[in-house]
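**Q** coordinates only, sequence not included:
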Ligand SMILES: Nc1ncnc2c1ncn2[C@@H]1O[C@H](COP(=O)(O)OP(=O)(O)OP(=O)(O)O)[C@@H](O)[C@H]1O
Ligand SMILES: [Mg+2]
């Protein structure tokens, strides 16, 4: 990584941290956007707390989706689960045509307002990319490599842990990254169903017609998403390097 | 000693291996040749039970392999496939130590074994141990593949077209290296190939397969002089037969006492090489020297022809 | 060796589906009855939700489908069973609405309940699995989609569902439904069109000029990571400024809040797939093909139009498929910033905790994305086939 890239990332991170902890420092930039003496900086809660709960729900939901999605993908690629493979592929294709907001909206009447419907939407929608990528990663392991593993006397469990999963890891991580990015967005919409998160700032701005709120909410969410996306990308590349495969730098 | 007894395999109505029996003595190399789809790989894979035979059995040192747990059996048999199947996510050292680790060897023993094997295959441990397969040339990958198969000191090595993806020059060198290592370790080898030259070069015995059946299992020279069926004769190549035969015999066997002028030939050269030299130099005879370079006799065109006629009749 | 005696072999997936059907029949209400739109409702099992003869008939059909799922192996048979099941329960839920609602009561609401959805899910899974195994070609898939769409249209037009709460919500706002529908399509397709107009030349340019490539892709992929509402929010400020200070912009209908930021955001999101796939498509044209074309004396322009673009076309289309499905979904969120679209009903429904109103917005969106995905996939297959068959 070039020093310029490092400085750039560090600066962006610093900006985000300072903004959510000391937003008043930036009030001057947002005052011109307000009318009728409306507050320039979000004043109905702490940006820091909102950021933390936003990240928390995304983290928990992604963790849950990862566990289930990886387990399911392993299942349908084993002899016992083969019969489910074709259908599960089509389901992932179909599932991705569901907009996340639809999942969120349908969950509300079932479980009520708050974190629960958001969690459900994040969890369900987050399954798809991880499942899809894990499946791709596992099925792309070369048959020759597997033949060699079998020929050397690795049992099914050893093949899975020592050969298949490590080889699929970079692709799985890419799926998790995609899932996290979608979840960050869906969690923002989650504020419309009263989940605590950064969407609140934007919604509050829309409701009170305060462009300053809308903009700062948008900027914080955007910066957070870009930084997390970038950070996960770095982790992915590190994993790929450790596995001896310099992945092409596909964003 | 491995004994293959009446092995058969069919997939549905398609008979892939049909009642094949032969035995390979300790420290011997048996080469299985035949056209594509003849069932060679299937036969080989039945030996380590990657394919379970429909009938027949395989005995290793008298023990029926079906009585052993599959994985344990495979730990004891080295296996090399075309394209080598190296684990792309593991370094050369990790690849080689796969089976020793499965067997629970301790760390120091594994490290020592890896180093020993890398030395044996002329790969500098300092340079290669930590490399990943994609950083190696084809020839280096091939050597790592064989080193990996030998890691746990198997008494039996199965090789399925191990040199198939190498260019001719490197292939020749790899074959020689394999022979040298095999002579040193005394490993029994069953090797599958398409390449008749390879079969004659490596095989102590050659098994010829066609359409699921074993047509002939014999020493290379017998295959040339007494082909069991027209197919074997054709495979062996009628026109090339005499030259093949000459390449199985060394100068020592056709040497005459006396001396001659010109560039000397060593006793261990094949008659085929000697004939080539004679023709190339345009001489009726050349001197023969032993390994140390001392003259021991002469070899002549007439002598070679006489020897060739004798073994063909 | 083949045996002549047919063996009873349980299909694993089919057994799971049959289990789902059993669960739906025995333990889950088929419809929910509510005295009015707001109060919480009570469930009715299938047996109590239909007139006795209808209930018995429906239950028998459903059980038949479950048996087929578990025991039949031929995909066509399974598909027929699934279709039969769907063709029975969809009208049945409409009939049930009329049956459960007391005569003359205009406040009462009946909605499909968990049992209905489970049955629909089970049958849809069975159908999807059968269709996957049938490996239909592109025309076959298009035909299946048209049949399904036709059946759905028939169901809705026949009035069989008019007693359902969903259709009552629709009846109350039929006019705005179609208006928002048009707005939704305009947002999704308009921004996609704009992205194609801009993205294709950009993709072409960056194919030719490698220096442009990295910067462009990186910039666009950053845009892609920004969550939609955040991007809407970021665009609202400058657009509001524009509207307040540039009369022409205001005259064009550009305002800080409304469709403009949504349209622009969707346009920006669409650029990455279009540009990246145009580039990928062009760069996968084999070098020997372009070389041959050059050898035959085709000019640069002719090569592009006659050789490169046609060969890149399936890949470009794949980018457009991504864009379209993505836009149809994202357009839902435009309603949050006053941009209209089907999302209007979704957010209204969330506000009023009226699930049927949510569904009124969500179901058409899902149906549109689903249909768009199938149609474009089929077109991609067809262009591939014409160009160069891979199998
Ligand atoms: N798992 C399998 N299922 C069905 N048929 C198989 C299977 N494995 C091998 N066959 C068939 O068995 C026959 C012999 O295959 P095998 O791989 O043993 O041939 P081979 O002699 O090694 O050929 P090649 O030289 O091309 O490697 C082929 O016709 C092949 O199609
Ligand atoms: Mg083979």
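**A** Received it, and whenever you're ready, just let me know what you need. What you see is a predicted model, and the numbers here were worked out from it, not measured in a lab. Ligands and ions are numbered 1, 2, ... in the order given.

**Q** the strands in the stretch 151-300 of chain B, which residues?
**A** Under the criterion DSSP state E, counting those that start in this stretch, the stretch 151-300 of chain B contains strands at B:156-160, B:188-193, B:205-210, B:213-218, B:265-266, B:285-289, B:295-300.

**Q** Do you know the pLDDT at residue B:238?
**A** Per-residue pLDDT puts residue B:238 at 61.

**Q** How about residue A:171?
**A** Taking residue A:171 on its own, its pLDDT is 91.

**Q** Grab the nearest non-local neighbour of it.
**A** Sequence neighbours aside, residue A:137 is the residue nearest to residue A:171 in space, at 3.5 Å (criterion: CB to CB, 6 or more residues apart in numbering or on different chains). All C-beta spots, glycine's among them, are computed from the backbone N, C-alpha and C.

**Q** my guess is residue B:9 is in a strand, correct?
**A** Yes - assessed by DSSP: H, G, I helix; E, B strand; the rest coil, residue B:9 belongs to a strand.

**Q** which stretches of chain A form helices?
**A** Here chain A has its helices, by DSSP state H, at A:3-21, A:27-30, A:47-76, A:85-95, A:100-111, A:115-139, A:143-151, A:156-159, A:165-189, A:199-207, A:211-242.

**Q** correction: the stretch 201-313 of chain B
**A** B:220-225, B:230-236, B:241-247, B:251-254, B:271-281, B:301-312 (DSSP state H, counting those that start in this stretch).

**Q** what angle do the last one and strand B:295-300 make?
**A** To tie it back to what came earlier, the one meant is helix B:301-312. Calculated by axes from the mean of the first three to the mean of the last three CA atoms, to 10 degrees, helix B:301-312 forms an angle of 80 degrees with strand B:295-300.

**Q** Next up, phi/psi of the residue of the stretch 201-350 of chain C found nearest ligand 1, please.
**A** Here the stretch 201-350 of chain C gets closest to ligand 1 at one residue, residue C:286, 28.1 Å apart by CB to the nearest ligand atom. The phi/psi pair for residue C:286 (degrees, to the nearest 10) reads phi -60, psi 140.

**Q** before we move on, the earlier item: export the strands of the stretch 151-300 of chain B as JSON lines, with columns for distance to residue B:26.
**A** Formatted as JSON lines, the strands of the stretch 151-300 of chain B follow (distance: least, CB to CB, whole Å):
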{"stretch": "strand B:156-160", "distance to residue B:26": "9"}
{"stretch": "strand B:188-193", "distance to residue B:26": "6"}
{"stretch": "strand B:205-210", "distance to residue B:26": "13"}
{"stretch": "strand B:213-218", "distance to residue B:26": "17"}
{"stretch": "strand B:265-266", "distance to residue B:26": "29"}
{"stretch": "strand B:285-289", "distance to residue B:26": "33"}
{"stretch": "strand B:295-300", "distance to residue B:26": "32"}
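
**Q** Need these in JSON lines (columns: distance to chain C).
**A** Formatted as JSON lines, these follow (distance: least, CB to the nearest CB, whole Å):
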{"stretch": "strand B:156-160", "distance to chain C": "28"}
{"stretch": "strand B:188-193", "distance to chain C": "29"}
{"stretch": "strand B:205-210", "distance to chain C": "25"}
{"stretch": "strand B:213-218", "distance to chain C": "21"}
{"stretch": "strand B:265-266", "distance to chain C": "49"}
{"stretch": "strand B:285-289", "distance to chain C": "51"}
{"stretch": "strand B:295-300", "distance to chain C": "53"}
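
**Q** so which of the ones you listed gets nearest residue C:201?
**A** Distance to residue C:201, taken as CB to CB, is lowest for strand B:156-160 among the strands of the stretch 151-300 of chain B, at 52.6 Å.

**Q** Quick check: mean pLDDT of the closest one?
**A** On average, the pLDDT along strand B:156-160 is 94.

**Q** Indicate each strand paired with it and its parallel or antiparallel sense.
**A** Using DSSP bridges, strand B:156-160 pairs in its sheet with strand B:77-81 (parallel), strand B:188-193 (parallel).

**Q** mind checking the longest helix of chain B?
**A** helix B:168-185.

**Q** repeat for chain C
**A** Longest helix in chain C, counting by DSSP H: helix C:355-387.

**Q** re earlier: would you reformat the helices of the stretch 201-313 of chain B as TSV and include mean neighbour count and distance to ligand 1?
**A** Converted to TSV, the helices of the stretch 201-313 of chain B look like this (neighbours: other CB atoms under 10 Å in any protein chain shown; distance: least, CB to the nearest ligand atom, whole Å):
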stretch	mean neighbour count	distance to ligand 1
helix B:220-225	20	18
helix B:230-236	17	13
helix B:241-247	18	21
helix B:251-254	19	34
helix B:271-281	17	27
helix B:301-312	15	30
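
**Q** Redo these as a markdown table? Include distance to chain C.
**A** Listed next are the helices of the stretch 201-313 of chain B as a markdown table, based on distance: least, CB to the nearest CB, whole Å:
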| stretch | distance to chain C |
| --- | --- |
| helix B:220-225 | 37 |
| helix B:230-236 | 30 |
| helix B:241-247 | 40 |
| helix B:251-254 | 51 |
| helix B:271-281 | 41 |
| helix B:301-312 | 48 |
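
**Q** need the ones you listed in JSON lines with distance to residue A:73, can you?
**A** Below are the helices of the stretch 201-313 of chain B laid out as JSON lines (distance: least, CB to CB, whole Å):
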{"stretch": "helix B:220-225", "distance to residue A:73": "51"}
{"stretch": "helix B:230-236", "distance to residue A:73": "47"}
{"stretch": "helix B:241-247", "distance to residue A:73": "54"}
{"stretch": "helix B:251-254", "distance to residue A:73": "63"}
{"stretch": "helix B:271-281", "distance to residue A:73": "57"}
{"stretch": "helix B:301-312", "distance to residue A:73": "63"}
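
**Q** give me the low-pLDDT residue ranges for chain B?
**A** B:238-239, B:311-313 (pLDDT under 70).

**Q** What residues does chain C have near chain B?
**A** On the criterion CB under 8 Å from any CB of the partner chain, chain B has no neighbours in chain C.

**Q** What segments of chain C are strands?
**A** C:31-34, C:42-44, C:109-112 (DSSP state E).

**Q** tell me the most buried of these?
**A** The highest mean neighbour count among the strands of chain C, using mean count of other CB atoms under 10 Å in any protein chain shown, belongs to strand C:109-112: a mean of 24.

**Q** Which residues does that strand contact?
**A** C:30-34, C:36-37, C:41, C:93, C:96-97, C:100-101, C:120, C:163-166, C:168, C:355-356 (CB atoms under 8 Å, 6 or more residues apart in numbering or on different chains).
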